[in-house]
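Colleague: I need the structure of the sequence given here:
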Amino acid sequence: MMPGRVLDVAALVDIAVAKTNYSRSIVTTCLLAGGRICIPATVYSTVVSIVPLRTKLDLFELVTTPGVEIDDLTAGKAMDIAEILDGSRDVTAGHVVWCSLKTRWPILTDRGDELRNYDPQIEIDPVP
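Modeller: Okay, the predicted model is just below:
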């Protein structure tokens, strides 16, 4: 079975505006194979704030699809994410890395090198 994926901002934007078919293909393949998709709430809110209005319904449909989970940023996770960030202010990056470490799933992203600075052991699935 194909493992799940954690979606970063670039992957979710790619899905929302159909920039390429890559992210959609990975998500579809993963879900059809019985895998799961994790979307950190910080990623979802960032993407909803920047994509065109016409794509927001597509995003809502994605996040309500069985097998797709929104990972909330809770007070209980804040200290762990702060430790990952180690002084950085990119809470979205910290949340994405935390989700990847928790699930042991690759991150679908266009900023793999940047995210590996937070933890070199995370696996990256690069968005072209």
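Colleague: what's the lengthiest helix in the chain packed up against?
Modeller: Across the chain, the longest stretch assigned as helix under DSSP state H is helix 91-103. Identification of packing neighbours for helix 91-103 by 3 or more C-beta pairs under 8 Å, 6 or more residues apart in numbering; DSSP states H and E yields strand 5-7, strand 37-40, helix 41-50, helix 75-85, strand 107-109, helix 112-116. Every residue, glycine included, has its C-beta placed from N, CA and C.
Colleague: mean confidence score for the second one?
Modeller: Averaged across strand 37-40, pLDDT comes to 98.
Colleague: quick one: residue 116 from residue 69, how far?
Modeller: Residue 116 sits 24 Å away from residue 69, going by C-beta to C-beta, to the nearest Å.
Colleague: try residue 122
Modeller: When residue 122 is compared with residue 69 (using C-beta to C-beta), they lie 18 Å apart.
Colleague: Neighbour count: the two, which is higher?
Modeller: Neighbour count, other C-beta atoms under 10 Å: between residue 122 and residue 69, residue 122 has more, with 21 against 16.
Colleague: State the three-state secondary structure for the more buried one.
Modeller: The assignment at residue 122 comes out as coil when based on DSSP: H, G, I helix; E, B strand; the rest coil.
Colleague: Could you pull up the residues touching the closest residue to it other than its chain neighbours?
Modeller: Spatially, and ignoring its direct neighbours in sequence, residue 122 is nearest to residue 100 (4.7 Å; C-beta to C-beta, 6 or more residues apart in numbering). Residue 100 is in contact with 6, 106, 107, 119, 122, 123, counting by C-beta atoms under 8 Å, 6 or more residues apart in numbering.
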